[in-house]
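Peer 1: Just a sequence and a predicted model for now, questions to come.
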Amino acid sequence: MKIMDLFKGLTKEYYFRQLFFGFLMFGAMLFLINQGKGVDKQFGLIAFWLISTFLYPYARFAYESIVEFFVGSNVFFANAIFFMIVKVLTMFLCWGFAIFIAPIGLLFIYLHQRKEQKINN
């Protein structure tokens, strides 16, 4: 298995949907930073945010896989506003810590692909 196969482990729909949300968060942070000091003085931070944006789909995949493991197929009924706040919070956390969480998602993809490869052989 090639390293690049790991990055193809997500479906295109899932990857681009999560990438869209990653760019929304990137844009929100650029907007917020532009309100203060200015973008030109924060190159390192912006580079980190850009890396986080491209790693976000894999970080979100890891988060959702872990939550699915613990929650299973249970359905919860609660306040929709509360769940939307929690969802946005977890999205920003996954995005902000994507550089640390994404390797877990890539590991999950690797193990899944390896298992499928053994089954097909």
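Peer 2: Now that the structure is in, tell me what you want to look at.
Peer 1: Going by C-alpha atoms from here, please, whenever you check contacts or count neighbours.
Peer 2: Will do.
Peer 1: Tell me where the model's unsure across this protein.
Peer 2: 1-7, 36-41, 121 (pLDDT under 70).
Peer 1: What segments of it are helices?
Peer 2: For the chain, the helices defined by DSSP state H occupy 3-7, 12-35, 43-71, 80-96, 98-120.
Peer 1: by contact count, what packs against the longest one?
Peer 2: Helices and strands in packing contact with helix 43-71 are listed as helix 12-35, helix 80-96, helix 98-120; criterion 3 or more C-alpha pairs under 8 Å, 6 or more residues apart in numbering; DSSP states H and E.
Peer 1: starting at the chain centroid, how far to it?
Peer 2: In this view, helix 43-71 has its centroid 3 Å away from the chain centroid, taken as C-alpha atoms, centre = their mean, to the nearest Å.
Peer 1: tell me which residues in it are buried?
Peer 2: Buried residues in helix 43-71, counted by 16 or more other C-alpha atoms under 10 Å: 46, 49-63.
Peer 1: so that helix versus helix 12-35, what angle?
Peer 2: Here the directions of helix 43-71 and helix 12-35 differ by 140 degrees (axes from the mean of the first three to the mean of the last three C-alpha atoms, to 10 degrees).
Peer 1: Helix 43-71 vs helix 80-96, what angle?
Peer 2: Calculated by the same axes, to 10 degrees, helix 43-71 forms an angle of 130 degrees with helix 80-96.
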